[in-house]
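1. sequence unknown, structure follows:
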DNA sequence: TCCCGGATACTCGTAGCCGAGTACTCGGAG
DNA sequence: CTCCGAGTACTCGGCTACGAGTATCCGGGA
């Protein structure tokens, strides 16, 4: 990801790595792209090896460390365009921490879950409040919306998460959540642990195909999209496709 | 993250690493937690080093490779609980690919952006459709909602993204997006590249504080939450706190 | 004048991640 | 009976990420 940012910056003008990092911070790209010194230099090296960027000159001012100035190559511009196209056009599976936590929520007690989710709810609300304040400020400063799309997007996701958490808290605390009795049973000492495991395992195996459906979604989606995007373009590498099926 | 899953599995019963991986696949946890063989064994080793799990016995059946069976320790159980508590209660910044792409959307032309976003829109709709089918199946199979919370959550986020992308496509193609003229100018050869850069830089610097607000949100949030969670609990390490301010 | 904090511009070593590879077993088709 | 493909259970080496460390310069206050 950092590599993409480097390409985008060098697409504007030649720079040395340190300048890339300061420019990114100035423009607050560090909010949407993780930036660390170590990774930056590694990434620049690997882009050079790939031929996407090239060292233009090495300057030394006084006795400071050398600054190597890089510029983007033609193949780097192509790569930037292709990469951006894929990122924008194709949603990819992102492994979110909260998703993982939800998949193991049953290791906590229902009471703990409600308490902790309520805490999350407060934090989400504060975050949203803060972002709105930031957006209002941006508008006052005359910063066009074009440059705050990332923030808007993250905010949209956060609001959706808030609504979900809200509903989940209600379902658990009002005890209307389907499966709440199994959950209770897992955490009551009175019950035989073997029996509980049986119940859980059977429940999980019954829903076996939930995940399977999700797995096959990508392949199916690709075929449908391909048909939509290029409805009259028979692919030249049809043989490769059929070998995948 | 994988370490958390290992703890959760060993909290149920002792297992050897390969069994962990098959169990995770059976239960479709691989959808919410990235699972690779390499990482699994690394993670198990580091959990052993940390004292969170311990080797119980090493069995050899026939001439197959040895199976080392691990069990969770008391400190592992504590860690599992603490870690889950933090994941559930505290939203953390996640760097999403699409967020990064949006922050650099201007490297594409508005026309390309609309085309690619429309493609994304189709894919998102198919994904949502598929997930709904999967949920319906889960309900028919009698799998309690408790075990499909992750899927629901991801779906809620995807739906929010779809709405956002939808609105964004409209704003660009109807040319009502604030900043669209700057965007046009960046991609017209007629304009002097130096002048464009000036405009962009000035616009970006004007909005300087957008990001700064987001940076400070965490500290502020922490203080407010701390006040809410333990309103009458003066921390013992007050000195450490003041040194951070 | 001298020193000190902050900026400039990288380097390096450790630690983790990952996928391909290995080496064996078992059941069933021919 | 034999071969083959699928399953079992891990190992290994290369690559990447990252934060702490290094060395220099500059401006300003005492």
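-> Thanks, I have it. Bear in mind the structure is a predicted one, so any value in this text is a computation, not a measurement.
2. max-length helix in chain A?
-> helix A:110-141 (DSSP state H).
3. Give the buried residues for the helix or strand following that helix.
-> Once helix A:110-141 ends, the next helix or strand along the chain (criterion: DSSP states H and E) is helix A:149-173. Residues A:149-162, A:164-165, A:168-169, A:171-173 are the ones in helix A:149-173 that count as buried (16 or more other C-beta atoms under 10 Å in any protein chain shown). Quick note: C-beta positions are derived from backbone N, CA and C, even for glycine.
4. Check stretch A:69-86 too.
-> Buried residues in stretch A:69-86 (16+ other C-beta under 10 Å): A:69, A:70, A:72, A:73, A:76, A:79, A:80, A:81, A:83, A:84, A:85.
5. Go ahead and name everything in contact with it.
-> With contact meaning C-beta atoms under 8 Å, 6 or more residues apart in numbering or on different chains, stretch A:69-86 is reached by A:4, A:7-8, A:10-11, A:14-17, A:44, A:47-48, A:50-59, B:101, B:104-105, B:107-108, B:112, B:116.
6. swap the cut-off to 7 Å and go again
-> When contacts are defined by C-beta atoms under 7 Å, 6 or more residues apart in numbering or on different chains, stretch A:69-86 is touched by residues A:4, A:7-8, A:10-11, A:14-16, A:44, A:51-57, A:59, B:101, B:104, B:107-108, B:116.
7. Could I get the full set of strands for chain A?
-> Under the criterion DSSP state E, strands of chain A are mapped to A:53-59, A:67-72.
8. picking up where we left off before, among the buried residues of stretch A:69-86, which two are most distant?
-> By the measure C-beta to C-beta, A:69 and A:85 form the most distant pair in the buried residues of stretch A:69-86, at 28.0 Å.
9. looking at it, residue A:58 is touching residue A:16, isn't it?
-> No: in this structure, residue A:58 is not within contact of residue A:16 by C-beta atoms under 7 Å, at 9.0 Å.
10. got any residues that touch both of these two?
-> Common contact partners of residue A:58 and residue A:16 (C-beta under 7 Å, 6+ apart): residue A:68.
11. Comparing the two, which residue is more hemmed in?
-> Per other C-beta atoms under 10 Å in any protein chain shown, whichever of residue A:58 and residue A:16 has more neighbours is residue A:16, with 18 against 10.
12. Could you find the closest non-adjacent residue to that one?
-> Closest residue to residue A:16 apart from its sequence neighbours, by C-beta to C-beta, 6 or more residues apart in numbering or on different chains: residue A:67 at 4.2 Å.
13. The one you found against residue A:59, yeah?
-> Yes: Residue A:67 sits in contact with residue A:59 when judged by C-beta under 7 Å, with a separation of 5.1 Å.
14. out of these two, which sits in the more crowded spot?
-> More crowded of residue A:67 and residue A:59, by other C-beta under 10 Å: residue A:67, with 15 against 11.
15. hang on, the earlier thing: ranked by average pLDDT, which of the strands of chain A falls at the bottom?
-> Looking at the strands of chain A, the lowest mean pLDDT belongs to strand A:53-59 (a mean of 89).
16. Give me the contacts around it.
-> Contact partners of strand A:53-59, identified using C-beta under 7 Å, 6+ apart, comprise A:10, A:14, A:47-48, A:66-73, A:76.
17. got these as JSON lines, with distance to residue A:181 columns?
-> Formatted as JSON lines, the contacts of strand A:53-59 follow (distance: C-beta to C-beta, whole Å):
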{"residue": "A:10", "distance to residue A:181": "59"}
{"residue": "A:14", "distance to residue A:181": "65"}
{"residue": "A:47", "distance to residue A:181": "56"}
{"residue": "A:48", "distance to residue A:181": "60"}
{"residue": "A:66", "distance to residue A:181": "68"}
{"residue": "A:67", "distance to residue A:181": "66"}
{"residue": "A:68", "distance to residue A:181": "65"}
{"residue": "A:69", "distance to residue A:181": "66"}
{"residue": "A:70", "distance to residue A:181": "62"}
{"residue": "A:71", "distance to residue A:181": "65"}
{"residue": "A:72", "distance to residue A:181": "60"}
{"residue": "A:73", "distance to residue A:181": "63"}
{"residue": "A:76", "distance to residue A:181": "59"}
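18. among the residues you listed, which are in reach of DNA strand D?
-> Near DNA strand D, taking C-beta under 7 Å from any atom of the strand as the test, no member of the contacts of strand A:53-59 is found.
19. tell me which residues of the longest helix of chain A are tucked away?
-> A:110, A:112-121, A:123-128, A:130-131, A:134-135, A:137-138.
20. got a markdown table for the buried residues of stretch A:69-86, with distance to DNA strand C too?
-> Listed next are those as a markdown table, based on distance: C-beta to the nearest atom of the strand, whole Å:
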| residue | distance to DNA strand C |
| --- | --- |
| A:69 | 8 |
| A:70 | 9 |
| A:72 | 16 |
| A:73 | 19 |
| A:76 | 18 |
| A:79 | 21 |
| A:80 | 21 |
| A:81 | 25 |
| A:83 | 19 |
| A:84 | 23 |
| A:85 | 23 |
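21. Can you flag which of these belong to helices?
-> Short answer: the buried residues of stretch A:69-86 in helices (DSSP H) are A:76, A:79, A:80, A:81, A:83, A:84, A:85.
22. quick check, nearest of those residues to residue B:188?
-> The nearest member of those to residue B:188, counting by C-beta to C-beta, is residue A:81 at 17.3 Å.
23. can you tell me how far that closest one sits from residue B:49?
-> With distances taken as C-beta to C-beta, to the nearest Å, residue A:81 is found 45 Å from residue B:49.
24. ok, and the closest non-adjacent residue to the most centrally placed residue in chain A?
-> The centre of chain A sits closest to residue A:94, judged by C-alpha atoms, centre = their mean, with a distance of 4.9 Å. Leaving aside its chain neighbours, residue A:94 sits nearest to residue B:96 (5.5 Å; criterion: C-beta to C-beta, 6+ apart).
25. Torsion angles phi and psi at the one you found?
-> phi -90, psi 150 (degrees, to the nearest 10).
26. Can you give me the pLDDT of it?
-> 96.
27. ditto for residue A:185
-> At residue A:185, the pLDDT value in this model is 85.
28. Just give me the neighbour total for it.
-> When neighbours are counted by other C-beta under 10 Å, residue A:185 comes out with 16.
29. With DNA strand C as the reference, measure out to it.
-> Here residue A:185 is placed at a distance of 33 Å from DNA strand C (C-beta to the nearest atom of the strand, to the nearest Å).
30. Let me know the distance separating that residue from residue A:107.
-> Residue A:185 sits 14 Å away from residue A:107, going by C-beta to C-beta.
31. same deal with residue A:101?
-> For residue A:101, the distance to residue A:107 - C-beta to C-beta - is 10 Å.
32. Can you give me the first-to-last residue distance of stretch A:28-43?
-> Criterion C-alpha to C-alpha, to the nearest Å; first-to-last residue distance in stretch A:28-43 is 19 Å.
33. Enumerate the residues of chain A near DNA strand C.
-> By C-beta under 7 Å from any atom of the strand, the residues of chain A that approach DNA strand C are A:16-19, A:22, A:37-38, A:41-42, A:61, A:64-68.
34. what about 10 Å?
-> Taking C-beta under 10 Å from any atom of the strand, the part of chain A that reaches DNA strand C is made up of A:15-22, A:25, A:36-42, A:44-45, A:55, A:58-62, A:64-70, A:95.
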